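Q: Mind looking at a prediction? Sequence and model below.
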Amino acid sequence: MRRNSRIIRALIGAISAGWLLTMLNVSIAFAEQPKPKTRPVTVRMGVLKQAGSEYVIKSGRTTYRISGQDFSPWLGKKVKVTGTMMGKGKHKVLDVNRIDEVRSNR
């Protein structure tokens, strides 16, 4: 009987230790995961034009290259685009997620 109780206690101790180690590993794994880098959302308004084979948004003195879909239905119209800026320096391109025509309230 004593031998059985020792075996049972040893089994319970091993199971408890295994569970504890598993929980520690899980919490460490969650703590070490880096947060994904998200690019900020960019919103621009301007007139959509075509420059060669590319589409651009002309806003005042600034021209933004855009990509992500066929923009021909909005050519020559004032639009508001939402997307993420990709690339660096002169190679920046606004990857458009959403485009809406801006209508004047006249």
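A: Nice, thanks for sending it over.

Q: use CA for all of it now, contacts and neighbours both
A: Fine.

Q: Parallel or antiparallel, list what pairs with the longest strand along the chain.
A: Looking across the chain with DSSP state E, the single longest strand is strand 41-51. According to DSSP bridges, strand 41-51 has the following sheet partners: strand 54-59 (antiparallel), strand 78-86 (antiparallel).

Q: where does the protein dip in pLDDT?
A: Applying pLDDT under 70 to the chain flags the ranges 1-3, 17-21, 23-40, 105-106.

Q: related to what we said a few turns ago, with mean neighbour count added, can I get the strands paired with strand 41-51 in CSV?
A: Formatted as CSV, those follow (neighbours: other CA atoms under 10 Å):
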stretch, mean neighbour count
strand 54-59, 19
strand 78-86, 19
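
Q: Residue 11: which of the ones you listed is closest?
A: strand 78-86 (56.0 Å; CA to CA).

Q: Next secondary structure element downstream of the closest one?
A: Downstream of strand 78-86, the next assigned helix or strand under DSSP states H and E is strand 93-101.

Q: What is that next one packed up against?
A: strand 62-67, strand 78-86 (3 or more CA pairs under 8 Å, 6 or more residues apart in numbering; DSSP states H and E).

Q: who does the first one pair up with?
A: Strand 62-67 sits in its sheet next to strand 54-59 (antiparallel), strand 93-101 (parallel), going by DSSP bridges.

Q: what sits up against the longest strand of the chain?
A: Residues outside strand 41-51 that contact it (CA atoms under 8 Å, 6 or more residues apart in numbering) are 55-60, 74-85, 94.

Q: can you rerun that using 6 Å?
A: 55-59, 75-84 (CA atoms under 6 Å, 6 or more residues apart in numbering).

Q: do the same with stretch 78-91
A: 41-47, 92-102.

Q: per-domain residue ranges of this protein.
A: 1-33, 41-101 (automatic domain parsing).

Q: okay, the ones you listed, which one's buried deepest?
A: domain 41-101 (a mean of 15; mean count of other CA atoms under 10 Å).
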